[in-house]
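Undergrad: predicted coordinates and the sequence they were generated for:
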Amino acid sequence: MEKNSKRHEKRKNISVKPNENIFIKSLKDIFIEVALLTKFAGQFFKELFKPPSEFKEFLRQSYITGFRSLALVGITGFIMGLVLTIQSRPTMAEFGAESWIPGMVAVSIIREIGPVITALICAGKVGSGIGAELGSMKVTEQIDAMEVSGTNPFKYLVVTRVMATTLMIPVLVVFSDVISLYGSYVGVNLTGKVSFPLFFAKVFESLDFIDVIPAFIKCFFFGFIIGLIGCYKGYNASKGTEGVGQAANTAVVVASLLVFVIDMIAVQITSLFM
Amino acid sequence: MEETKNINNTEIIVEMKNVKKSFQNNHVLKDINFKLSKGENLVVLGKSGTGKSVLIKCIVKLIEVDSGELSVFNEDILQLKDKALNETRSKIGFLFQSGALYDSMTVRENLEFPIKRQSKILPEDEIENLVKEVLANVGLEDTIDKMPSELSGGMRKRISLARTLILKPELILYDEPTTGLDPITSKEISELILEVQKKYKTSSIIITHDIKCAKITANRIMVINDGCFIAEGTYDELKESEDEIVNSFFK
Ligand SMILES: Nc1ncnc2c1ncn2[C@@H]1O[C@H](COP(=O)(O)OP(=O)(O)O)[C@@H](O)[C@H]1O
Ligand SMILES: [Mg+2]
């Protein structure tokens, strides 16, 4: 409803002032949003080392983001490895290069697919969860209540959650990678017969330092951005239940988009050193 | 009830002078002046959107005023920071309009939260006793292990009142304590407010547009409209008012 009326407004604006460019306006909105987000991130780093440590809440959040996502991330990881193996078999068979499958699948999973898919799943599950939770806390004045009872809500709610996602997403990615490789092993054995040790010998043979470390480092950034966007959207949710839904929704959209942006930047930086 | 209506104490708990607050072009508080004496129940009447919530949020510095003077317990709240601010806030109870119970915590954890966040640490059994005491005061001892989502609207209001009482505040700010409740529950909550005033010797500001609640709880009533106070007096005085806006609350 609100969107519709806004669209109307825009249309009216165009008819009244044909010179005013809506692209410039929305570009301005994006810059304002980026500035506010940067300020929010700045506050995160400022409060990160301030006492109290809120360690208990951090552990609770780590349990929620980490442990509760294991099943989802595991299942998708397994399917990913399996499907990738089955799909690449015909092409590889054409060249008689079936023995390269484990190495090829391992490189693509560990370098790219594992981190990105896991991050996207977590943006959906964890990011929207944080956005909705903080959004409803904001709308129902729970954040205000925390502040008047002598707790720094930013430290208690935002810092703990962002720290939890930053540290837990890399763990989830490693877990997902391992399960994916197992899925690939199962996929290879659907038609051929490769022993478990041989499969993993081939995997490790094809992996380089340059495949593993940059891929692992970028996961921390994925985790950071998922937590940060979820908190930012929730913390700034507008009044009403509509605001909560919107916070959860935009948290997922923006976080997913930024996962790709970070991935692109990471690839550029990595290729500089190759 | 009669005796609480005649209070001639002179100690001032809250004082606002020429307070102004705007959000962009929305001038919410234009010129607010008032004093709250110790032990007094002051009711602020006003229709929705006139800035009643903004007014009391300024008192605990959840919202910063643009200009004017604002003292709470004889301290300039505008100058207070961090520790000193928390100290002053711990003497103020705030009952939020929506109750603001923490959804992810049980009633017990909700009540313990403000105590456990204070700088001085109490032993567990003392905390337990405090929790039981405030729950008994609002008449809900048996809800201690429930989640807020399992409670009715009136019960949630009581639990949040219990949560503000647990720190033994000297000043309580009630944001529309009876809004959204049925008439019987509203009356119960209003009487509870009066009981709290007597038992804990608190001073209160009660924001409402419910005239029945005002009648039960008020020692003095002020009517806010368009960012300023337009009338002041006891319930009986205002009832006879000729002013159209004031009159409309009494219908
Ligand atoms: N944080 C805020 N930012 C911008 N505007 C606000 C904010 N809080 C309140 N307002 C505006 O102030 C006005 C008064 O709000 P409020 O105090 O909640 O009214 P009420 O008297 O119903 O409690 C409303 O127009 C509202 O939109
Ligand atoms: Mg209000």
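TA: Nice, I can see it. Ligands and ions are numbered 1, 2, ... in the order given.

Undergrad: and the residue in the stretch 1-150 of chain A that ligand 1 sits nearest to, what element?
TA: For the stretch 1-150 of chain A, the residue closest to ligand 1 is A:Asp144, as judged by CB to the nearest ligand atom, at 10.0 Å. C-betas here are computed from N, CA, C, even on glycine. Using DSSP states H and E, A:Asp144 sits within helix A:142-148.

Undergrad: what comes into contact with the next helix or strand along the chain from that helix?
TA: Following helix A:142-148 in sequence order, the next helix or strand is helix A:153 (DSSP H and E). For helix A:153, the surrounding residues in contact (CB atoms under 8 Å, 6 or more residues apart in numbering or on different chains) are A:Ile143, A:Met146, A:Glu147.

Undergrad: return only those of those found close to chain B.
TA: A:Met146, A:Glu147 (CB under 8 Å from any CB of the partner chain).

Undergrad: show me what contacts residue 249?
TA: I'll assume chain A. A:Ser128, A:Gly131.

Undergrad: looking at chain B here, not the other one
TA: B:Leu45, B:His209, B:Ile211, B:Ala214, B:Val223.

Undergrad: gap between the residue of the stretch 151-274 of chain A found nearest chain B and B:Val131?
TA: As assessed by CB to the nearest CB, chain B sits closest to A:Thr151 within the stretch 151-274 of chain A, at 4.7 Å. When distance is defined by CB to CB, to the nearest Å, A:Thr151 is 18 Å away from B:Val131.

Undergrad: out of the contacts of helix A:153, who's nearest A:Leu181?
TA: A:Ile143 (42.7 Å; CB to CB).

Undergrad: count of neighbours near the closest one?
TA: By other CB atoms under 10 Å in any protein chain shown, the residues close to A:Ile143 number 22.

Undergrad: just the one 4 residues further on next, same as before
TA: By other CB under 10 Å, the residues close to A:Glu147 number 21.

Undergrad: could I get the phi/psi values of residue 32?
TA: Reading this off chain A. Dihedral pair for A:Ile32: phi -60, psi -40, per degrees, to the nearest 10.

Undergrad: the intended chain is chain B.
TA: Dihedral angles (degrees, to the nearest 10) for B:Ile32: phi -110, psi 120.

Undergrad: now swap in B:Cys228 and tell me
TA: Main-chain dihedrals, B:Cys228, degrees, to the nearest 10: phi -140, psi 160.

Undergrad: pretty sure it sits against B:Val28.
TA: No: applying CB atoms under 8 Å, one finds B:Cys228 not in contact with B:Val28, separated by 11.0 Å.

Undergrad: ok, these two, which is more surrounded?
TA: B:Val28 (21 against 14).

Undergrad: SS state for that one?
TA: At B:Val28, secondary structure determined by DSSP: H, G, I helix; E, B strand; the rest coil is strand.

Undergrad: any idea which helix or strand carries the residue nearest the centre of chain B?
TA: Note on chain B: the residue nearest the mean C-alpha position is B:Leu173, at 1.7 Å, using CA atoms, centre = their mean. Secondary structure from DSSP H and E places B:Leu173 in strand B:171-175.

Undergrad: which strands or helices does that strand pack on?
TA: helix B:52-59, strand B:92-95, strand B:203-208 (3 or more CB pairs under 8 Å, 6 or more residues apart in numbering or on different chains; DSSP states H and E).

Undergrad: just put these in TSV and tack on mean neighbour count, mean pLDDT and distance to ligand 1.
TA: Shown next, in TSV, are the helices and strands packed on strand B:171-175 (neighbours: other CB atoms under 10 Å in any protein chain shown; pLDDT from 0 to 100; distance: least, CB to the nearest ligand atom, whole Å):
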stretch	mean neighbour count	mean pLDDT	distance to ligand 1
helix B:52-59	23	93	3
strand B:92-95	26	93	13
strand B:203-208	25	94	7
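
Undergrad: among those, which is nearest B:Val14?
TA: Comparing those by CB to CB, helix B:52-59 comes nearest, at 6.1 Å.

Undergrad: what sits up against the closest one?
TA: Counting by CB under 8 Å, 6+ apart, A:144, B:14, B:16, B:19, B:21, B:28-29, B:32, B:44, B:46, B:63-65, B:70, B:72, B:77, B:92, B:94, B:97, B:173, B:175-176, B:205, B:207, B:224 sit against helix B:52-59.

Undergrad: run the chain-centre distance for that helix.
TA: 10 Å (CA atoms, centre = their mean, to the nearest Å).

Undergrad: please enumerate the helices of the chain.
TA: Just so you know, I chose chain A. A:2-16, A:22-48, A:55-65, A:70-94, A:101-108, A:114-122, A:128-139, A:142-148, A:153, A:160-191, A:196-206, A:209-235, A:241-272 (DSSP state H).

Undergrad: was after chain B, sorry
TA: B:52-59, B:82-89, B:107-116, B:124-137, B:153-165, B:183-200, B:211-217, B:235-239, B:244-249.

Undergrad: these: which one's closest to A:Thr118?
TA: helix B:107-116 (32.5 Å).

Undergrad: any buried residues in that closest one, and which?
TA: B:Val107, B:Arg108, B:Asn110, B:Leu111, B:Glu112, B:Phe113, B:Pro114, B:Ile115 (16 or more other CB atoms under 10 Å in any protein chain shown).

Undergrad: now, which of the residues you listed sits nearest chain A?
TA: Within those, the smallest distance to chain A is 4.0 Å, found for B:Pro114 (CB to the nearest CB).

Undergrad: now the closest one: how far from ligand 1?
TA: 23 Å (CB to the nearest ligand atom, to the nearest Å).

Undergrad: picking up where we left off before, ok now the strand holding B:Leu173, how far from the chain's centre?
TA: Counting by CA atoms, centre = their mean, strand B:171-175 is centred 1 Å from the centre of its parent chain.

Undergrad: again with stretch A:264-274
TA: The answer for stretch A:264-274 is 19 Å, by CA atoms, centre = their mean.

Undergrad: can you check stretch B:202-219 too?
TA: Remark: stretch B:202-219 is offset 9 Å from the chain centroid, using CA atoms, centre = their mean.

Undergrad: how far does it stretch from one end to the other?
TA: End-to-end span of stretch B:202-219 (CA to CA, to the nearest Å): 13 Å.

Undergrad: ok, now stretch B:241-251?
TA: Terminal-residue distance, stretch B:241-251 (CA to CA): 12 Å.

Undergrad: do that stretch and ligand 1 meet?
TA: No: using CB under 6 Å from any ligand atom, we find that stretch B:241-251 stays clear of ligand 1, coming within 13.4 Å at best.

Undergrad: so for B:Val196, what's the pLDDT?
TA: Confidence at B:Val196, expressed as pLDDT, is 89.

Undergrad: quick one: contacts for it?
TA: Per CB under 8 Å, 6+ apart, neighbours of B:Val196: B:Asn137, B:Leu161, B:Leu165, B:Ile172, B:Thr202, B:Ser204.

Undergrad: and with 6 Å instead?
TA: By CB atoms under 6 Å, 6 or more residues apart in numbering or on different chains, the contact set of B:Val196 is empty.
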